[in-house]
Structures are given as structure tokens and as C-alpha cells.
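1. Model the structure of this input:
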Amino acid sequence: MSRSGLGKWSGAVACAGAMLVGAGGAEVSATPLTPFRYEAQAQRHCPHDRVVWLDFRKGVYYRKGQKRYGQGFDGSFVCLSEARGGFYRRSLLGLR
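-> Okay, the predicted model is just below:
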């Protein structure tokens, strides 16, 4: 390998390293969840927010009035803002 080829390689490595360091500053983190067994507990925790049923296995949340709200063994009641901040998506089932 020639000396000029090595220079190009080290420049590419330095550029890639700078991109990784720059991307680390914009790191995305999820909001911590506070899961509750009962709806009333969750409502006391976040009195100015809606309470949703979060299905951990499916990664979706259900609003009150939806068929699967409060059902299942793989979920908990949480605040809507925490569910959205934790990158869970809303379920469209039963919203008609």
C-alpha cells in the first residue's frame, strides 16, 4: 500500500469517528414509565393526563373505551405522556 493510500484511509476513519461522536450528542432516550396495577393509582400519579393501558408485549397502548383496555397479563396502567415518551404506539383497534 502506498503512503497516499494510507493517508486516504486514515482520513476516512477520522471522518467516520467524527460522525459517530457527533451523532452521540443527539442520542434518543425513552421516558421512564411508572406502571400501575389499578387505574385509580395511575390517575393519582398523573392527575392532569389521561390513563392508558400499555401492552408491553405488543408495544401498544389502549385508551379507555377500547376493547382491550385493562385486559391481559402483559400490561399496566400508565400515563399517556409516559407511554408516548417511551415510544409506544397507540392501538387503532376499536376507534370507530
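2. alpha carbons only for contacts and neighbour counts from here, please
-> OK.
3. for the protein, what are the low-confidence residue spans?
-> The model of the chain has pLDDT under 70 over residues 1-30, 94-96.
4. swap the cut-off to 90 and go again
-> 1-33, 72, 92-96 (pLDDT under 90).
5. Would you state the helices of it in chain order?
-> 3-24, 39-45, 80-85 (DSSP state H).
6. then the second one to PDB, C-alphas only?
-> Presented in PDB, the C-alpha positions along helix 39-45 are these (Å, rounded to 0.1, in the frame of the first residue of the first chain):
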ATOM      1  CA  GLU A  39     -56.400   2.700  37.000                       C
ATOM      2  CA  ALA A  40     -57.100   4.900  40.100                       C
ATOM      3  CA  GLN A  41     -53.400   4.600  41.100                       C
ATOM      4  CA  ALA A  42     -52.300   5.800  37.700                       C
ATOM      5  CA  GLN A  43     -54.800   8.700  37.700                       C
ATOM      6  CA  ARG A  44     -53.500   9.900  41.100                       C
ATOM      7  CA  HIS A  45     -49.900   9.700  39.700                       C
END
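7. name the helices or strands packed onto that helix?
-> strand 51-55, strand 75-79 (3 or more Cα pairs under 8 Å, 6 or more residues apart in numbering; DSSP states H and E).
8. For those strands, give me a markdown table that also has distance to residue 67.
-> Below are the helices and strands packed on helix 39-45 laid out as a markdown table (distance: least, Cα to Cα, whole Å):
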| stretch | distance to residue 67 |
| --- | --- |
| strand 51-55 | 11 |
| strand 75-79 | 14 |
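9. Could you look over those and pick the most buried one?
-> strand 51-55 (a mean of 26; mean count of other Cα atoms under 10 Å).
10. now what about that strand, what contacts it?
-> 39, 42-43, 60-64, 69-70, 72, 74-80, 83 (Cα atoms under 8 Å, 6 or more residues apart in numbering).
11. What strands line up against that strand, and which way round?
-> In its sheet, strand 51-55 lies beside strand 60-62 (antiparallel), strand 75-79 (antiparallel), with partners assigned from DSSP bridges.
12. Out of the ones you listed, which is closest to residue 48?
-> Closest to residue 48 of the strands paired with strand 51-55, according to Cα to Cα: strand 75-79, at 9.5 Å.
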